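# Give me the fold of what follows.
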Amino acid sequence: MEAQKLDKTIRAKAENLGVTQIELRFQGGSDEGYLHVEVVHPEVTWQTRDDPDKQQLRTEVLQLAEDVEKWAWEVYSYSGAGDGSDYGDDIIYNLKEGVVETSEWYQEVKYSDPVKMEMS
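Numbering: from 1, shown residues only. Sure thing, here's the model as predicted:
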């Protein structure tokens with residue numbers, strides 16, 4: 001999958017918040033496409049989820065993730081159609097380094113050589 005340019009408004013909001021990475025993880029294979037979005041911020045982690053001083057920042061990062069998901073579904077067409085075997089495409093926007101990385105993955109079925117035995 002070819003990476004699309006990150007929306008200017010989303011990028012500006014992410015950079016203003018201190019977000020270091022935006023990850024889009026598409027998955028398909030059974031006639032329905034899925035998308036998992038992760039917005040990475042060094043101060044918003046599972047360990048800080050209950051920290052009252054981080055709640056506003058956490059709320060803004062979660063809102064950004066929703067904005068990214070809406071944008072991604074508009075920009076990328078991902079049907080998820082397939083034969084039932086899982087596959088996917090990952091797109092990582094690394095804001096810290098100013099690069100985007102793409103990768104594809106798929107599930108493969110392999111059969112072993114048959115084993116013959118006497119039936120009793």
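# which of the residues in stretch 27-38 are buried?
With burial defined by 16 or more other Cβ atoms under 10 Å, the residues of stretch 27-38 counted as buried are 27-29, 33, 35, 37. Just so you know, the C-beta spots here come from the backbone N, C-alpha and C atoms, and that holds for glycine as well.
# Pull up the distance across that stretch, start to finish.
Stretch 27-38 stretches 14 Å from its first residue to its last (Cα to Cα, to the nearest Å).
# quick one: contacts of that stretch?
Residues outside stretch 27-38 that contact it (Cβ atoms under 8 Å, 6 or more residues apart in numbering) are 21-26, 65, 68-69, 72-73, 78-88, 107.
# Put the buried members of the residues you listed into a PyMOL selection.
Isolation of the buried members of the contacts of stretch 27-38 (16+ other Cβ under 10 Å) is achieved in PyMOL through the command below:
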select buried, resi 21+22+23+24+25+26+65+68+72+78+80+82+87+88
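# In helices, which of the contacts of stretch 27-38 fall?
Taking DSSP state H as the definition of helices, these contribute 65, 68-69, 72-73.
# on that earlier part again, with respect to residue 14, which of the buried residues of stretch 27-38 is nearest?
When those are ranked by distance to residue 14 (Cβ to Cβ), residue 37 comes first, at 11.8 Å.
# Which helix or which strand is home to that closest one?
Under DSSP states H and E, the secondary-structure element containing residue 37 is strand 34-40.
# Beta-bridge partners for the residue lying closest to residue 73 once chain neighbours are set aside, please?
When the adjacent residues along the chain are set aside, residue 73 lies closest to residue 35, with 6.7 Å between them (Cβ to Cβ, 6 or more residues apart in numbering). Taking DSSP bridges, one obtains residue 26 as the residues bridged to residue 35.
# Could you check the pLDDT of residue 35?
Per-residue confidence at residue 35 stands at 93 (pLDDT).
# how near is it to residue 113?
According to Cβ to Cβ, to the nearest Å, residue 35 stands 39 Å off from residue 113.
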